[in-house]
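# All I have is the shape, not the residue letters:
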């Protein structure tokens, strides 16, 4: 299991961006250009190129990105493969997790001010009590939020899952009689993240990849 991330804020000018875009197959290039905002185009492109590099480095195989498909819940996957992967982005970072013979999900969240009244349906009463009595309520909120996001991404059904029904324990999460193992982490001080997996997670090794290595 490997986790890698890229910073999209380190000197990427338009010329570099256009050069990297040319590494995408035509169908994914058109899709990437459909994003309205430049930063969203960067994030999407970096996620795909990071996945491709990780696939090559870890598996010694080339990944043809145009072979990727998506489920009815828009979760990408490679048909007829035992490799699972998941990509997330927030703020200036894009992160990807990849592993064999497991199901996984990863999420990162950029810390910012939050009006908790806008998120009343994301946590159950016990979770809200823990958040609101924490010395740093914002930090605890994003810790819980990233845990839940990683789980619904691993499950594959995304936000169609009622978030209040996800129960958080110390190292596991349960939903609908299924247990997911979780490993929260902090990336670069102000980005809260979590890896969820169908099996026990070993110690995380999270490394940065320079964008010009993609």
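Done, it's in. Keep in mind it's a predicted model, so treat the numbers as computed, not measured. Residues are numbered from 1 along each chain as shown.
# Show the contacting residues for residue 100.
Contacts for residue 100 (CB atoms under 8 Å, 6 or more residues apart in numbering) come out as 82, 83, 84. From N, CA and C alone the C-beta is placed, and that goes for glycine too.
# mind running it again at 7 Å?
82, 83 (CB atoms under 7 Å, 6 or more residues apart in numbering).
# Identify the single longest helix in the chain, thanks.
helix 38-59 (DSSP state H).
# Residues touching that helix, excluding its own?
By CB under 7 Å, 6+ apart, the residues outside helix 38-59 that reach it are 2, 4, 6, 8, 12, 17, 20-21, 23-24, 28, 32-33, 35, 61-63, 65, 83, 85, 87, 89, 94, 96, 98, 209, 211, 214.
# Next step: these restricted to helices.
If you go by DSSP H, those have 17, 20, 21, 28, 32, 33 in helices.
# sorry, back to before: for ChimeraX, what selects the buried ones among the contacts of helix 38-59?
The ChimeraX command for the buried members of those (criterion: 16 or more other CB atoms under 10 Å) is given here:
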select :4,6,8,12,17,20,21,24,28,32,63,65,83,85,87,89,94,96,98,209,211,214
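# Let me know the closest of the ones in helices among the contacts of helix 38-59 to residue 190.
Nearest to residue 190 among the ones in helices among the contacts of helix 38-59: residue 17, at 24.7 Å, using CB to CB.
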